[in-house]
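Chemist: Prediction below, plus the sequence it came from.
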Amino acid sequence: MSIKIEKENFSVEAGLTESGRVAIELSGRFDHQHAPLLSQAIDQLADQEGTKADDFLDFVIYLSALEFMNSSAIRELISLLRKTQAKNGQLILIGEDDNPAIESLRQTGIDSLFTIFANLIEVTKPQSKKK
């Protein structure tokens, strides 16, 4: 099962994968009005699963359907990243280079904080070792 929250020009859908990762898809305009909905969806998913949001370790967030992301939304992602790293978890962002959300992260220089892949195939393929 998954949780879906919609408000005006934004939606967030969150669910658990078979491996226990929290998969989240964001779509629309991710701005100051909608930034709190990310945490709200994670909290609702935890309630549905009979656990606490703090028990979730790994997150995959799909940004491909975002049309816009402002600094409030970026702060929300950074907050989730810090909580995840404090538990030795992992947060992965999925989005093509020309995606407005990825462009926002790059323009602010924040992209270096995150693990970003263009698609899910890149997440699962083996990484080559550099010599």
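Modeler: Okay, I see it.

Chemist: Any regions of this protein where pLDDT drops low?
Modeler: 121-131 (pLDDT under 70).

Chemist: packing partners for the longest strand anywhere in the chain?
Modeler: Counting residues, the longest strand in the chain under DSSP state E turns out to be strand 58-69. Strand 58-69 is packed against strand 22-30, helix 71-86, strand 90-94, helix 100-108, with contacts defined by 3 or more CB pairs under 8 Å, 6 or more residues apart in numbering; DSSP states H and E. For glycine as for every other residue, the C-beta is placed from the backbone atoms N, C-alpha and C.

Chemist: how about a cut-off of 6 Å?
Modeler: Helices and strands touching strand 58-69, by 3 or more CB pairs under 6 Å, 6 or more residues apart in numbering; DSSP states H and E, are strand 22-30, strand 90-94, helix 100-108.

Chemist: Sheet partners, orientation included, of it?
Modeler: Strand 58-69 sits in its sheet next to strand 22-30 (parallel), strand 90-94 (parallel), going by DSSP bridges.

Chemist: before we move on, the earlier item: any chance of the helices and strands packed on strand 58-69 in a markdown table, plus distance to residue 66 and mean neighbour count?
Modeler: A markdown table is the format used below for the helices and strands packed on strand 58-69 (distance: least, CB to CB, whole Å; neighbours: other CB atoms under 10 Å):
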| stretch | distance to residue 66 | mean neighbour count |
| --- | --- | --- |
| strand 22-30 | 5 | 22 |
| strand 90-94 | 10 | 20 |
| helix 100-108 | 4 | 17 |
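
Chemist: Save those as TSV, and put in distance to residue 114 too.
Modeler: Formatted as TSV, the helices and strands packed on strand 58-69 follow (distance: least, CB to CB, whole Å):
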stretch	distance to residue 114
strand 22-30	14
strand 90-94	5
helix 100-108	7
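
Chemist: Closest to the centroid, which residue in this protein?
Modeler: residue 61 (2.9 Å; CA atoms, centre = their mean).
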